[in-house]
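**Student:** Return atomic coordinates for the entry below.
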Amino acid sequence: MAANPPGQGFQNKTRVAILAELDKEKKRLMQSPGANLPLSSRASLKEVRDSAEQQHIAAQQKAALQHAHVHSSGFFITQDSSFGNLILPVLPRLEPDL
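**Tutor:** Here you go, the predicted structure:
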């Protein structure tokens, strides 16, 4: 079996903390006077979760970008990737010598 990456435990703890915070917020909202409003008029739990996830990804992108700039002489950018890459290397286009 492969060993867990060094940051895996931190990611799991962060994920658990985010889920616990969301659950607490959900319970608080359900007890508030506006809890009887239809779901369409309240912020949905999915929107809150997506927002928290985007903030977490942004923090991961920033950390990955800083790490790449410190340990590499290349240039990197942050960009959403279909393959889950947080940062992408930028390669210059060189004109061929004719």
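
**Student:** all helices in this protein, in order from the N-terminus.
**Tutor:** In the chain, the helices defined using DSSP state H lie at 8-31, 45-71.

**Student:** Would you mind putting these into JSON lines with distance to residue 88 and mean neighbour count alongside?
**Tutor:** Any C-beta I mention is one placed from the backbone N, CA and C, and that applies to glycine too. Shown next, in JSON lines, are the helices of the chain (distance: least, CB to CB, whole Å; neighbours: other CB atoms under 10 Å):
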{"stretch": "helix 8-31", "distance to residue 88": "21", "mean neighbour count": "11"}
{"stretch": "helix 45-71", "distance to residue 88": "10", "mean neighbour count": "13"}
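
**Student:** Identify whichever of those helices lies nearest to residue 79.
**Tutor:** helix 45-71 (8.8 Å; CB to CB).

**Student:** what about the closest one, average pLDDT?
**Tutor:** What helix 45-71 shows for mean pLDDT is 79.

**Student:** Export the helices of the chain to CSV and append columns for distance to residue 83.
**Tutor:** CSV is the format used below for the helices of the chain (distance: least, CB to CB, whole Å):
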stretch, distance to residue 83
helix 8-31, 18
helix 45-71, 14
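
**Student:** Can you list the buried residues in stretch 86-98?
**Tutor:** By neighbour count on 16 or more other CB atoms under 10 Å, the buried set for stretch 86-98 is 86, 87.

**Student:** just how off-centre is that stretch within its chain?
**Tutor:** 28 Å (CA atoms, centre = their mean, to the nearest Å).

**Student:** Could you shift the numbering so residue one becomes 132, and keep it that way?
**Tutor:** All set: I'll call the first residue 132, so the last point we hit is now stretch 217-229.

**Student:** Which pLDDT value belongs to residue 151?
**Tutor:** Per-residue confidence at residue 151 stands at 90 (pLDDT).

**Student:** go on, residue 164?
**Tutor:** Listed pLDDT for residue 164 reads 65.

**Student:** which residue is nearest the middle of the chain?
**Tutor:** Taking CA atoms, centre = their mean, the centroid of the chain lies closest to residue 188, which sits 1.6 Å from it.

**Student:** For residue 158, see how far away it is.
**Tutor:** 26 Å (CB to CB, to the nearest Å).
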